[in-house]
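Enquirer: build me a model:
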Amino acid sequence: MKAGKYCFKELFVNRYVQRIIVPEIQRDYVWGKTQVNGLLNSLLNDYNNYLNGVVPIIETDNEIDLNAFNTFYKKRKYASNIGFIYAYNDTSFTGNYFLIDGQQRVTTLYLLLAVLANRNEKLRDSFNKNYCPNNVPKLGYKVRLIADELLNKFINHVVNNGTDVNEQVWLLDAYKNDLTGKSIVENYAIIQTFLDNAHLENESDFFNYIEDLTEFWYFDTNISEQGEELYIYMNARGEHMQSNENIKADLLVKLDGVEIKNYYGEKWENWQDFFWKHRGNNSTADNGFNQFLTCIAGLEYYLKNDESIFYSKDKFEGKKDSSASVGIRTEDVLKVLDIQLIEEYFEAFKYLVDNSQKFIKDRAYADWVDIAINEFIDLFNNKNTTNWFADYNDNDRGTERKNMVYSWSMLNYIKSNFDFVKSHKLGLYRVLRLYYLRFHNNIRSVKNIRLEVNNLIEYGIWKEPLIDHEAIGLIQDERFKINLLTKCSPDDTKELEQLIWQIEDHKLNLDGANVGNTNITHLISRSPLEINIEYLILVKTKFYEIFPTYETKESQIKLIEVLLHYGEFYDKTSPYYYLNLKFNRWKRIIRNIGTELKESEVTPFKTFFNEFMLFEGSFNDFHAQKTSTKLLAEQATNTKDRILWYTEQLGEDMWQQGYNIAISTGNYCGLKNWNTKDLNFNDGYQYYNTKGNLKGGTPKILSELIKKNTTTNEKPN
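Expert: The predicted structure follows:
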């Protein structure tokens, strides 16, 4: 059977084909309701377009020519294409063609025709003649004998009898427990329900449409020349083959011998099963597998220093060519991948995922590992969100570069160092921790991946020298941990490391992007030689007390009030023509990088945190002690102290709109009565509590809030 385009009927009614067989290397027929209805809806939509399609009028008096043109035009314009089907034939089994791709679609369409034949007596003869001659279905299974037996009995029963199949004695429990058999029975019922709801005017016409106008490209993997011709032809038409199944077929055809093809065909099925198991919110394994293949192809181009392959944003999204598909062209993936190389990368990826639980079980705290693994897998499961062929020299491609650093570094490290990794599992997950932090710190230094991975392989994660370059902002934290964990007592290493993880994993510490890429050193005031387990426990306990998992408004206001005693810790945000001060940018505040800080000023948060570390009571006790003496209005001579004074007077009432204070600088800014002097500090303009800008909420004037809250005529202290 030559490569080319065929309709469904031509696959089964063909002088070269006696049976279509699903071989042992294939997985079970596993499609469920979502996939079956997805295919049926697509076919029904194409069928309705076919029925309603308008055929151009041609001038001819020959009715035969007119009918031929109408048939040709409708087939070309309104046929339903179900993609690619790949098979091979074995000379030992003349007339049998073995599917290596397409069994889910072929089986579903076969069942669809069987259902239609069951519902229409006129179609039964046609079905039996073309698809089940001599009561033997032309579709067969070698996955397991029981599946083939069930299909044989099932098709003969439902087509020629029609009673409820679940009431039949021959439908043994063994069939119900067989995955393929179970899917056949369940999907038959799903198709029945679909047709009931479709209310087709003429089911015979739909039967004919499925037979004659449901098309596919057939690819015989035994004949590489035909495969290459088909591949060239398809690409000449501008059609992109992006499915991993298409890549599989193209790679298998390059292998010599049925045995090696079967070996890698089975391997491929196992890989698909892995991505099915880890498919996330996707309905199939395809997206994760496809993205994985394009990811490692991009990595291979990078390792070969081949920058000629870069995809622009428009090329990746198919914007400049309306016929282009979104994503990476299969031909570009196949230029750098062979099936053995895919196997090496897959084994590296699988090892990382499968061995994580062994590492976790050996740790009192390792919550981050599952999160890191899931985030890694999600890089592939998020459909077409990463252009793995993006120009990693382009500063505007931040998201792609960040994803590349995480995935390419880990895959390259494991694949290039696999024997060592398998004997040093602890080291593998320490490397994962390194890149997990870099991922959350938005590190995008793709150009350094090769150098850094080679460095890790040669020296290890805890040995000098680390690559010291400006592109990596984590050097401070990394060197700190190296110095701490290599110089501490071996008995303390595991507990110290776990304490570091717990401190870093607080959401405010984990996200070090755009704040110096620090995850722990902003909280540490001792040198590595002075740090012990008790000190890190204190850091963790005190920090989590200040910022519990679920912060309350009351706790945030108390912290703001305390920090106002230490300095101008807050941020000033745009616009420039009035002061817009933000008090809850905790990610920046805890790292002492508020925009109002002066270079020579003592850092407010770190000073406070060091004092709180030495304080023996709770944070509420600390707050009570710090605010036991109230500031007098006449003592408040600057902006910080006046905000502190208002905080002491108003408490929670001061922050009704949000954690932002706005003050006019003498320029029009849209605030109500913006140029009015403050009632309590009449040498400056009044203070407003806002949502963060002047477009939302209702800005509150702090002095008016005090008037409203004052029950006597006494002036506030």
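Enquirer: surely residue 2 meets residue 89?
Expert: No - assessed by Cβ atoms under 8 Å, residue 2 is found out of contact with residue 89, at 11.7 Å. For every residue, glycine as well, the C-beta is placed using N, CA and C.
Enquirer: joint contacts of the two?
Expert: Shared contacts of residue 2 and residue 89 (Cβ atoms under 8 Å, 6 or more residues apart in numbering): residue 220.
Enquirer: the two: which has the busier surroundings?
Expert: residue 89 (20 against 11; other Cβ atoms under 10 Å).
Enquirer: near residue 112, how many other residues are there?
Expert: For residue 112, using other Cβ under 10 Å, the count is 24.
Enquirer: check contacts around it.
Expert: Residue 112 neighbours (Cβ under 8 Å, 6+ apart): 40, 43, 191, 210.
Enquirer: need the strands for the stretch 1-150 of the chain, in chain order.
Expert: 4-7, 19-22, 80-89, 96-101, 139-141 (DSSP state E, counting those that start in this stretch).
Enquirer: okay if I get the ones you listed as TSV plus mean pLDDT?
Expert: As requested, those are exported to TSV (pLDDT from 0 to 100):
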stretch	mean pLDDT
strand 4-7	83
strand 19-22	88
strand 80-89	81
strand 96-101	82
strand 139-141	87
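Enquirer: adding distance to residue 561, write those out as TSV.
Expert: Listed next are those as TSV, based on distance: least, Cβ to Cβ, whole Å:
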stretch	distance to residue 561
strand 4-7	75
strand 19-22	71
strand 80-89	65
strand 96-101	66
strand 139-141	73
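Enquirer: how about the ones you listed, which one is nearest residue 393?
Expert: Closest approach to residue 393 among these (Cβ to Cβ): strand 80-89, 35.6 Å.
Enquirer: and that closest one, what does it pack against?
Expert: In terms of contacts (3 or more Cβ pairs under 8 Å, 6 or more residues apart in numbering; DSSP states H and E), strand 80-89 is packed against helix 33-52, strand 96-101, helix 103-119, strand 214-220, helix 244-252.
Enquirer: would CSV of those with distance to residue 15 be doable?
Expert: Formatted as CSV, those follow (distance: least, Cβ to Cβ, whole Å):
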stretch, distance to residue 15
helix 33-52, 27
strand 96-101, 13
helix 103-119, 19
strand 214-220, 15
helix 244-252, 24
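Enquirer: please report phi then psi for residue 341.
Expert: With angles defined as degrees, to the nearest 10, residue 341 sits at phi -70, psi -40.
Enquirer: what's stretch 406-416 in contact with?
Expert: Outside stretch 406-416, the residues that reach it (Cβ under 8 Å, 6+ apart) are 295-296, 298-299, 302-303, 344-345, 348-349, 351-352, 375-376, 379, 421, 428, 431-432, 435-436, 438-439, 446, 449-450, 452-453, 456-457.
Enquirer: now the buried members of the residues you listed.
Expert: 295-296, 298-299, 302, 345, 348-349, 351-352, 376, 379, 421, 428, 431-432, 435-436, 438-439, 446, 449-450, 452-453, 456 (16 or more other Cβ atoms under 10 Å).
Enquirer: just the ones of the residues you listed in helices?
Expert: 295-296, 298-299, 302, 345, 348-349, 351-352, 376, 379, 421, 428, 431-432, 435-436, 438-439, 449-450, 452-453, 456 (DSSP state H).
Enquirer: what is the neighbour count of residue 589?
Expert: 23.
Enquirer: I'd say it and residue 566 touch.
Expert: No - using Cβ under 8 Å, residue 589 is not in contact with residue 566; the gap is 10.8 Å.
Enquirer: now for those two: what residues contact both?
Expert: Contacts common to residue 589 and residue 566, judged by Cβ under 8 Å, 6+ apart, are 604, 605.
Enquirer: just the strands from the stretch 451-600 of the chain, written as ranges.
Expert: Under DSSP E, counting those that start in this stretch, the stretch 451-600 of the chain gives strands at 571-572, 578-582.
Enquirer: return the most buried member of these.
Expert: Burial of the strands of the stretch 451-600 of the chain is given as mean neighbour count (mean count of other Cβ atoms under 10 Å); strand 578-582 ranks first at a mean of 20.
Enquirer: parallel or antiparallel, list what pairs with that strand.
Expert: strand 571-572 (antiparallel), strand 660-664 (antiparallel) (DSSP bridges).
Enquirer: list of residues touching stretch 502-522?
Expert: Against stretch 502-522 from outside (Cβ under 8 Å, 6+ apart): 365, 367-368, 437, 440-443, 472-474, 476-477, 480-481, 500, 523, 536, 539-540, 543-544, 547, 586-588, 590-593, 606.
Enquirer: buried residues of it, list them for me.
Expert: Under the neighbour-count criterion of 16+ other Cβ under 10 Å, stretch 502-522 has 502-506, 508-510, 512, 515-520, 522 buried.
Enquirer: list the contacts of the residue nearest to residue 160 when sequence neighbours are not counted.
Expert: Leaving aside its sequence neighbours, residue 160 sits nearest to residue 124 (Cβ to Cβ, 6 or more residues apart in numbering; 6.5 Å). Residues near residue 124 by Cβ under 8 Å, 6+ apart: 117, 118, 159, 160.
Enquirer: from the residues you listed, which has minimum pLDDT?
Expert: In terms of pLDDT, residue 160 ranks lowest among the contacts of residue 124, with 72.
Enquirer: if I look at that one, how far off is residue 154?
Expert: 11 Å (Cβ to Cβ, to the nearest Å).
Enquirer: looking at those two, which is more packed in?
Expert: Counting neighbours by other Cβ under 10 Å for residue 160 and for residue 154 shows that residue 154 has the greater number, 22 against 15.
Enquirer: the more buried one: what secondary structure?
Expert: Secondary structure state of residue 154, per DSSP: H, G, I helix; E, B strand; the rest coil, is helix.
Enquirer: ok, for it, nearest residue in space, not its chain neighbours?
Expert: Nearest residue to residue 154, sequence neighbours excluded (Cβ to Cβ, 6+ apart): residue 184, at 6.1 Å.
Enquirer: swap in residue 492?
Expert: residue 533 (5.9 Å).
Enquirer: give me the number of residues near that neighbour?
Expert: Counted by other Cβ under 10 Å, the residues lying close to residue 533 total 14.
Enquirer: quick one: contacts for it?
Expert: Neighbour list for residue 533: 492, 495, 496, 499 [criterion: Cβ under 8 Å, 6+ apart].
Enquirer: ok, now with 10 Å
Expert: By Cβ atoms under 10 Å, 6 or more residues apart in numbering, residue 533 lies in contact with 488, 489, 492, 495, 496, 498, 499.
Enquirer: just residue 294 next, same as before
Expert: Shown in contact with residue 294 (Cβ under 10 Å, 6+ apart): 242, 244, 247, 311, 327-330, 332-333, 337, 380, 384, 386-389.
Enquirer: so how far is residue 538 from it?
Expert: With Cβ to Cβ as the criterion, residue 294 and residue 538 are 47 Å apart.
Enquirer: hmm, residue 103 and the residue nearest to residue 154 touching each other?
Expert: No - the criterion here is Cβ atoms under 10 Å, and residue 184 misses it with residue 103 at 11.8 Å.
Enquirer: now the common contact residues for those two.
Expert: Here residue 184 and residue 103 share the contacting residues 29, 110, 141, scored by Cβ under 10 Å, 6+ apart.
Enquirer: and the closest residue to the first one other than its chain neighbours, how many neighbours?
Expert: So the one you mean is residue 29. Of all residues beyond its chain neighbours, the one nearest residue 29 is residue 180 (4.4 Å), with distances taken as Cβ to Cβ, 6+ apart. By other Cβ under 10 Å, the residues close to residue 180 number 24.
Enquirer: now residue 180: phi and psi?
Expert: phi -60, psi -50.
Enquirer: show me the contacts for the residue lying closest to residue 132 once chain neighbours are set aside.
Expert: Once flanking residues are discounted, residue 132 sits nearest to residue 155: 5.7 Å by Cβ to Cβ, 6+ apart. Listed by Cβ under 10 Å, 6+ apart, the contact partners of residue 155 are 110-111, 113-114, 117-118, 127-128, 131-132, 135-139, 184, 188.
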